[in-house]
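[1] Give the three-dimensional model of this entry:
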Amino acid sequence: MKKIVLLFVAAAFMVACNNEKKSDTGTGEATPVNKPAVELPYKAAYSSSFEMGSHPEYVATILQGSWKDWENNTLDNMKNWVADTIVAFHADNKMIKGADSLMADWKRARARYTTVIDTIDAVMPVYSTDKKENWVLVWATEINTDTKGKKDTTSLMETWRINKDGKADMLLQYNRAKRKM
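    Numbering: from 1, shown residues only. Next comes the predicted model:
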């Protein structure tokens, strides 16, 4: 579990820890600008070498597949974008292996709600240069209404790894329930 948390932290530092910065030359093209290396107080257990990803289609895949299909209760579409070997670590500390198991779990969970409204706060593709992996980071807010009419609002952060076939093969999910003040 500690490594999962460290992965999240590493992803959060991806922009700050990148050794290159791109600047606009006035021609519309970004050119690398070297920055001095920053010494970090901790060594990331997974990676601290992330840069902006070059696959916006992976963002579209995750938003349509995970988010829009959850919201619309069309989870049978998962086979289109989830790898058979997916491993999902949910915010409730539940780990699920395999696309069929994940789909069955999500269908059971989604059946508890009559409506789901998702708001995507931020999303971005990133690339781990040392691991050579594509990831999609999503920050969102979800409002669920259960079958008894009770509403619940949750802030979510999901980190999705995308394999060489363009399918999601890992999910790391974190949440924070919104409390009335």
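[2] Could you find the residue nearest the spatial middle of the chain?
    Residue closest to the average C-alpha location in the chain (Cα atoms, centre = their mean): T159, at 2.6 Å.
[3] Give me the pLDDT for that one.
    At T159, the predicted lDDT confidence score is 98.
[4] in the sheet, who's paired with it?
    L137, L172 (DSSP bridges).
[5] remind me, longest strand of this protein?
    Scanning the chain for the strand with the most residues, using DSSP state E, yields strand 113-128.
[6] Buried residues in it, which are they?
    By neighbour count on 16 or more other Cβ atoms under 10 Å, the buried set for strand 113-128 is 113, 118, 120, 123-128. C-beta coordinates here come from the backbone N, C-alpha and C atoms, glycine included.
[7] packing partners for that strand?
    Under the contact definition 3 or more Cβ pairs under 8 Å, 6 or more residues apart in numbering; DSSP states H and E, strand 113-128 sits against strand 50-52, helix 56-62, helix 69-72, strand 133-146.
[8] orientation of that strand relative to strand 133-146 in degrees?
    170 degrees (axes from the mean of the first three to the mean of the last three Cα atoms, to 10 degrees).
[9] picking up where we left off before, now distance to F89, mean pLDDT and mean neighbour count too, for the helices and strands packed on strand 113-128, in JSON lines please.
    Shown next, in JSON lines, are the helices and strands packed on strand 113-128 (distance: least, Cβ to Cβ, whole Å; pLDDT from 0 to 100; neighbours: other Cβ atoms under 10 Å):
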{"stretch": "strand 50-52", "distance to F89": "19", "mean pLDDT": "94", "mean neighbour count": "18"}
{"stretch": "helix 56-62", "distance to F89": "16", "mean pLDDT": "97", "mean neighbour count": "18"}
{"stretch": "helix 69-72", "distance to F89": "17", "mean pLDDT": "96", "mean neighbour count": "16"}
{"stretch": "strand 133-146", "distance to F89": "14", "mean pLDDT": "97", "mean neighbour count": "19"}
